[in-house]
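Student: I'll drop the sequence and a predicted model, then ask my questions.
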Amino acid sequence: GDSVTQMEGPVTLSEEAFLTINCTYTATGYPSLFWYVQYPGEGLQLLLKATKADDKGSNKGFEATYRKETTSFHLEKGSVQVSDSAVYFCALSDPGYSSASKIIFGSGTRLSIRP
Amino acid sequence: DTGVSQNPRHKITKRGQNVTFRCDPISEHNRLYWYRQTLGQGPEFLTYFQNEAQLEKSRLLSDRFSAERPKGSFSTLEIQRTEQGDSAMYLCASSEFTTQGAGETQYFGPGTRLLVL
């Protein structure tokens, strides 16, 4: 079945460092891909998404490009801030798999940024 | 719009008791999803509704679990005869489904954290 594998954490970086969180997926159809973020004590928020191959999603300085050839959707940010400390989830939605757009999540990567 | 709300935010219960959670979606969102998240894991799909119809249930949803969305607005998730393994965060999400379908954005509530003693 469909699945998402993402980089295990925790990841600890200094402020202004470059961030990459790796994510690969397996899907039977043509999924949409997402990154969700969960800040401490808050609910899941959609960070960015891409709905077809070669699309780039971006938001708040974060970017991810839908790579069909490598089945990847890596999250990047050029200069992280302390406020980026959170848990990041890579996810997919594959309507071809069922009638629902249910989301399949990776296990999450905890990111901590040192001042 | 105040977003998706869930009540209660926390619930502690004894094994064998029944619990019920409520989710209020964003108004006019026609789809509502329930997910379960255990510690250190990503959320897992449980079930979803389109308007008042429950259209899919995960194999994770045992017979002790039941969900309703009687008027196509708020939804309830009931767990009967709770077990310690039911301890988790229960998340609700809503979305506006269009005929395009793919890539619809789900907006999540803050979750209800359940602890079964």
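Tutor: Ah, there it is.
Student: going forward, measure contacts between C-alpha atoms and count neighbours the same way
Tutor: Will do.
Student: how about the contacts made by residue B:117?
Tutor: B:12, B:13, B:14, B:15, B:84 (C-alpha atoms under 8 Å, 6 or more residues apart in numbering or on different chains).
Student: can I get these in TSV with neighbour count?
Tutor: Below are the contacts of residue B:117 laid out as TSV (neighbours: other C-alpha atoms under 10 Å in any protein chain shown):
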residue	neighbour count
B:12	12
B:13	16
B:14	14
B:15	16
B:84	14
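Student: filter the residues you listed by proximity to chain A?
Tutor: Among the contacts of residue B:117, no residue sits close to chain A (C-alpha under 8 Å from any C-alpha of the partner chain).
Student: pull the most distant pair out of the residues you listed.
Tutor: Spatial extent of these (C-alpha to C-alpha) is set by the pair B:12 and B:84 at 10.9 Å.
Student: okay, and the common contacts of those two?
Tutor: B:115, B:116, B:117.
Student: which of those residues fall in strands?
Tutor: B:115, B:116 (DSSP state E).
Student: residues from chain A in reach of chain B?
Tutor: Going by C-alpha under 8 Å from any C-alpha, the residues of chain A near chain B are A:31-33, A:42-46, A:50-51, A:89, A:93-95, A:100-108.
Student: redo that, cut-off 10 Å
Tutor: Contact residues (C-alpha under 10 Å from any C-alpha of the partner chain) of chain A with chain B: A:30-34, A:38, A:41-46, A:49-52, A:87-96, A:98-110.
Student: Three-state assignment for residue B:85, please.
Tutor: When classified by DSSP: H, G, I helix; E, B strand; the rest coil, residue B:85 comes out as helix.
Student: show me the contacts for the closest residue to it other than its chain neighbours.
Tutor: Nearest residue to residue B:85 in three dimensions, chain neighbours excluded: residue B:116, at 7.8 Å (C-alpha to C-alpha, 6 or more residues apart in numbering or on different chains). Residue B:116 makes contact with B:11-17, B:82-88, according to C-alpha atoms under 10 Å, 6 or more residues apart in numbering or on different chains.
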